[in-house]
Every structure is written in structure tokens, then in C-alpha cells.
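S.K.: below are the sequence and a predicted model for it; my questions follow.
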Amino acid sequence: MVLHGHLPFVRHPEHEDFLEEDWLYEAITETYVPLILMFESLTSENIDFRLTMTLSPTLISMLSDPLLQERYSKHLNKLIELSYKEIERTAWQGQFHNLALMYRDQFCKTRDCFERYHRNLVNAFKKFQDLGKLEVITCGATHGYFPLMDACKDSVRAQVRVAVSHYESVFGRPPRGIWLPECGYYPGHDEILREAGIRYFFTDSHGLLHGTPRPKYGVFAPVYCKGSGVACFSRDLESSKQVWSSVEGYPGDYNYREFYRDIGFDLEHDYIKPYIHPDGIRINTGIKYYRITGTTNHKEPYVPEWARQRAAEHAGNFMFNRQKQVEYLYDFMQKKPIIISPYDAELFGHWWYEGPQWLEFLIRKIACDQDDIRMITPSEYLTENPRNQVINPSMSSWGWKGYSEMWLQGSNDWIYRHLHTASERMTELSKNYSDVNGLAKRALNQALRELLLAQSSDWAFILGTGTHTSYAERRTKDHLLRFNRLYEDIKTGAIDEGWLSDIEYKDNIFPGIDYKAHQ
């Protein structure tokens, strides 16, 4: 099981309340704290498990940021206040009243967990990694989409180098694996991973199946990339689809909680106004009272007991299917197969409310109810199975059509000529100013920060989906404009220290960054 934990870097100290910062707050409340509470429950009962989890450098940076920690604490306290108001409002509405009590308890447990780890949840994931239950892997520094950055390999190298350095500063050890942003692999980039000490990465199924020569065991064994020796693991479509598909998979069950019915939109504006955006924009509060019910707009109240029962049944079904799958594959392969099931972490809890329950049931069932299969990390598998086929994986991504189209289409293709020019300029700066200090060094380091932030694949993805497009466009342009001004100021020796200090404060990611990573 691989959970990809990532959010783009969204931090706006210049605004008291910024709408897109809610992405982080929702993820903490609905995904990351429920996962941590699950890990705590399992370890307290000595239930053995193994999970692999990406914590992208941008997500780690936001979870560790004191300003965002303080803002999240205020956000959570407002949710708790709202839940108490809901308990009072629904006093004579039996089912809704019980749900209001459930949310009150959930939010209070979330606050306890948040404070228990001194407001930095990265400490929790580090703890479980140190216990040997969780393998935390890294990602591109700002989730830049590598295949479309190949025009300037120095930027790919910088994304990897900065990510590895940042990981070491946080976890006290080098990362063993990496989640290539958007599963985007381009032939030859494995050499960059090898240089950085990375042992393995993941691709979507076709990235391995279309490799040369064809993989003998399909996606059910890793391969080593020819030349670099870096291992490549690939996604199993069958197990993945059972979980992520809302149509064919478990999350679409009618007893599960309906994501799109939230009191932030359902209740009267005057009542909900203190708990939505100050400009009056209605937003999700996380308090949702209905189950999926069916395919129409008619929704029935959510019944947690029914949903929990379905989560247990679905976990049993998933385990049974994996047992049969492994049994068949072992007879065919005559060696132990590995089944890679990767998902966006926010599927668990945020999009699929019962996801963490399902995962906990699955872990308990695998540990206690059978002896055919076990959970394993990629590092453990490679240690146990050091001999693997050598091939060249093919260029690929996950997402729509599987070959970059989500990040390169009419709505977002304009960004790349600017990103490529900025990448070439950054290489020029790093080579021509190889021995500077003071203000010039600060400006060079900030130039690399701005370039990395502009390269985030999230902006192109958002432009492609058509949601929050004005924000994604503004972020792309702001970072490029800041980079270009820094480039000109450095070359002319006219650096404005006041302006530099301002953008250092706003875009404060990677405090230990070294601009020489881009060469």
C-alpha cells in the first residue's frame, strides 16, 4: 500500500484569511490526523503493519510552519464551536443530533492529536517510521512534472536534490524511495535519482509494461533500470481500481458518507456566516449529515454504524481478492509476487470518509485472519529479493490517457516556454555566480525557490481541470515574475533588499536551500 501525501505550497501571510489555505486544514482534519490515530491504535495493540507513504517537501514544509500551525489551530477551534452549535440546533432531530455529537468528538480528538505532537504532525510520521511500521518516501521538491522539464535537466536535478536534502534535515536519514510527481517518468531520469542516492521509484502500469525488453513478470515484480540500477515498481490496476473508483470501487457504496452535502452550503447564510469565508463565500465545513443513498439528488441521513459495517466487509473483500490474486500469480510466476496499490492519501478520509476505517480493518485482517499475504515496503522487498530483471521503462504518467496530457493541453501549454527559459536562466546564474555571499547569495537562493514554486505540477493540473484557475494562473505568473526580477537584479548588481526580504517571508520554503543545486 502506497499513500501519496502531497499538497501545493499555499501560504499567504499577507492575508488574514486565505481561501486556498483551507486545502491544508481539510487534509489535516480529514486525512492526516485520522491516519495518525489509526497508526497509534494499531501499535498500541501490537498489530503489525507496513505502509509506504509520500510526504512531499511542500506538505512537510506547511505542516512544520508555525504560521500555518497557528492558523490551523484557530480553524479547528471554530469547527469545534460550530459542532457545539450544531448539537444545540439538532437537539430534537435524532439522527442529525447523533451526527453532530460524532463530529464534536472527532474534532476534539483531532485537536488533542495536533497538540500531542506539538502542532507538527511530521513528528508523528517520523515516529512511526522510526518504529519500522511506515516507510516515508520523498517527492519532487515542489511536485514539478519531470517529463515536461526534460528540456532543462538541471531543473529535474534541482527538484530531486532539494527534496533529498530537505528530507534528510527533517527525518535524519536519506530517503530510500521517491514518488515521481504525477508518476511522471522520462527515460534517463533514473540516473538523476541514482546520483541523489534514491533506490526506487514508482510508475503507472504502462510505464513498466511498455518497457524494453518487456518485463517477464509484468507489474508483479520490480525491475532495475538499465545503467542506473534504480528499482522501478509499478501499479497493479486491479487492486487500485477497487479502491479509487467511485463508480466500480468501494467509495461509491450507498451507505458511505456523501461528500457533496455539507452544512456550509445547506444551512442559512446568517447562521453559518461566522464559519465560512469572511467574504461570504460558502465553503465545506467538514460537517456532512447525509449518505450517498443513490444516484439521484435525494439523500438520506448518514448512519455511521452501517458505513462502518460496509468498511469491514469491503476490507474483507479486498483481502480475499488479494489472496486469490497472489495464489494465481505465485502458481504462474513460481516466485513471490508483489502487488503495488498506490493512491492519493486524501482519498482516505477527505474524499472517502470511511477510508481510514477501511484501511485499519484491512491491516487488522491481514495481520490476524490469514497467512497467505503480508504487507511489505519496497525496501524490504528489495532486501529479500535482490535479483530482478533489467529493462528500460517507458515514458509515462498516471492521469488522463497516461502520457502527460493532463499537464499539457490548450489550457496550460503556455506556461512551459516561460518555465524553460527560467530554468536556463537559473543554470546561467548558478554557474556564473558560483562564489558569492551576503545579499547576492540570498537573492540566488530565493531565485531557485521562486523557480521551484513556479514549476509545481499542481498549477498546470488546476488549469487543466478548470477549478481555481485564476489562483493557479496567478501563482505561476507571480513566481515567474519574481524570478525574472531577481535574475535581472542579480545581473545588474541592483538587488532591493527590502523587496527581497518581503518575498523571502512570503515564499519561505526550504530555508536551507542552496542555489548550486541547479547545475
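M.R.: Structure's in. What do you need?

S.K.: flag the shaky bits of the stretch 201-350 of the chain, pLDDT-wise.
M.R.: Of all residues in the stretch 201-350 of the chain, none has pLDDT under 70.

S.K.: which stretches of it form strands?
M.R.: Listed in chain order, the strands of the stretch 201-350 of the chain (DSSP state E, counting those that start in this stretch) span residues 223-225, 231-234, 342-344.

S.K.: need the ones you listed in a markdown table with distance to residue 109 and mean neighbour count, can you?
M.R.: Backbone N, C-alpha and C define where each C-beta goes, glycine included. As requested, these are arranged in a markdown table below (distance: least, C-beta to C-beta, whole Å; neighbours: other C-beta atoms under 10 Å):
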| stretch | distance to residue 109 | mean neighbour count |
| --- | --- | --- |
| strand 223-225 | 43 | 22 |
| strand 231-234 | 34 | 26 |
| strand 342-344 | 24 | 20 |
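
S.K.: now render those as CSV, adding distance to residue 19.
M.R.: Compiled in CSV, those are given as follows (distance: least, C-beta to C-beta, whole Å):
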stretch, distance to residue 19
strand 223-225, 42
strand 231-234, 37
strand 342-344, 21
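
S.K.: distance of residue 117 relative to residue 11?
M.R.: Here residue 117 is placed at a distance of 20 Å from residue 11 (C-beta to C-beta, to the nearest Å).

S.K.: likewise residue 183?
M.R.: Taken as C-beta to C-beta, the spacing of residue 183 relative to residue 11 amounts to 26 Å.

S.K.: try residue 23
M.R.: Between residue 23 and residue 11 the distance is 11 Å, computed by C-beta to C-beta.

S.K.: dump the residue contacts of residue 100.
M.R.: When contacts are counted by C-beta atoms under 8 Å, 6 or more residues apart in numbering, residue 100 touches 83, 86, 87, 89, 90, 287.

S.K.: between these, which is closest to residue 56?
M.R.: For residue 56, the closest of the contacts of residue 100 turns out to be residue 287, at 28.1 Å, with distances computed as C-beta to C-beta.

S.K.: for residue 7, give me its contacts.
M.R.: Residue 7 makes contacts with 23, 24, 27, 56, 58, 59, 62, as judged by C-beta under 8 Å, 6+ apart.

S.K.: same thing but at 7 Å, please
M.R.: Neighbouring residues of residue 7 by C-beta atoms under 7 Å, 6 or more residues apart in numbering: 23, 24, 27, 58, 59, 62.

S.K.: next: residue 121.
M.R.: Residue 121 neighbours (C-beta under 7 Å, 6+ apart): 28, 32, 36, 63.

S.K.: out of those, which is most surrounded?
M.R.: Of the contacts of residue 121, residue 32 is surrounded by the most neighbours, 28 neighbours in total, counting by other C-beta atoms under 10 Å.

S.K.: how much space between that one and residue 470?
M.R.: Taking C-beta to C-beta as the measure, residue 32 falls 28 Å from residue 470.

S.K.: residue 185 against residue 396, yeah?
M.R.: Yes - at 5.6 Å, residue 185 and residue 396 qualify as touching, with contact defined as C-beta atoms under 7 Å.

S.K.: any common contacting residues for the two?
M.R.: With contacts defined as C-beta under 7 Å, 6+ apart, the residues adjacent to both residue 185 and residue 396 are 203, 207.

S.K.: still on that earlier bit, higher neighbour count, residue 23 and residue 11?
M.R.: Comparing residue 23 with residue 11 by neighbour count (other C-beta under 10 Å), the higher total belongs to residue 11, at 21 against 17.

S.K.: distance check, the more buried one against residue 111.
M.R.: When C-beta to C-beta is applied, the distance between residue 11 and residue 111 equals 22 Å.

S.K.: where does residue 512 land on pLDDT?
M.R.: Residue 512 is assigned a pLDDT of 95 by the prediction.

S.K.: what number of residues lie near the closest residue to it other than its chain neighbours?
M.R.: Of all residues not flanking residue 512 in the chain, residue 169 sits nearest, at 6.1 Å (C-beta to C-beta, 6 or more residues apart in numbering). Other residues near residue 169 come to 12 when the count uses other C-beta under 10 Å.

S.K.: contacting residues around the closest residue to residue 207 other than its chain neighbours?
M.R.: Distances taken as C-beta to C-beta, 6+ apart put residue 396 closest to residue 207, at 3.4 Å, once the chain neighbours are dropped. Contact analysis of residue 396 by C-beta under 7 Å, 6+ apart lists 185, 203, 204, 206, 207, 402, 403.

S.K.: most neighbours among those, which one?
M.R.: Within these, most neighbours by other C-beta under 10 Å means residue 203, with 28 neighbours.

S.K.: hmm, residue 232 and that one touching each other?
M.R.: Yes - in this structure, residue 203 sits in contact with residue 232. The criterion is C-beta under 7 Å, and the distance is 5.9 Å.

S.K.: does residue 52 belong to a helix, a strand or coil?
M.R.: For residue 52, the secondary-structure state derived from DSSP: H, G, I helix; E, B strand; the rest coil is strand.

S.K.: show the contacting residues for it.
M.R.: Under the criterion of C-beta under 7 Å, 6+ apart, the contact partners of residue 52 comprise 1, 2, 135, 137, 377, 378.

S.K.: contact partners for the first one?
M.R.: So that's residue 1. Contacts were defined as C-beta under 7 Å, 6+ apart; by that measure residue 1 touches 51, 52, 341, 375.

S.K.: let's go with 6 Å and repeat that
M.R.: For residue 1, the contacting residues are 51, 341, taking C-beta atoms under 6 Å, 6 or more residues apart in numbering as the criterion.

S.K.: buried residues in the helix or strand hosting residue 103, which are they?
M.R.: Element membership of residue 103, judged by DSSP states H and E, is helix 94-116. Counting neighbours by 16 or more other C-beta atoms under 10 Å, one finds that the buried residues in helix 94-116 are 96, 97, 99, 100, 103, 104, 106, 107, 110, 111, 113, 114.

S.K.: what's the answer for stretch 392-399, then?
M.R.: 392, 393, 394, 395, 396, 397, 398, 399.

S.K.: gap between the third one and residue 5?
M.R.: Using C-beta to C-beta, one gets 27 Å for the distance from residue 394 to residue 5.

S.K.: now do stretch 143-154: distance from first to last residue.
M.R.: The stretch stretch 143-154 measures 15 Å between its terminal residues, going by C-alpha to C-alpha, to the nearest Å.

S.K.: list the buried ones in that stretch?
M.R.: 143, 144, 145, 146, 147, 148, 149, 150, 152, 153, 154.

S.K.: you'd agree the second one is up against residue 455?
M.R.: Translated: residue 144. Yes - in this structure, residue 144 is within contact of residue 455 by C-beta atoms under 6 Å, at 3.8 Å.

S.K.: can I assume residue 135 sits in a strand?
M.R.: Yes - Residue 135 sits within a strand when classified using three-state DSSP.

S.K.: sorry, back to before: nearest to residue 303 among the contacts of residue 52?
M.R.: When these are compared for distance to residue 303 (C-beta to C-beta), residue 1 comes out closest, at 27.6 Å.
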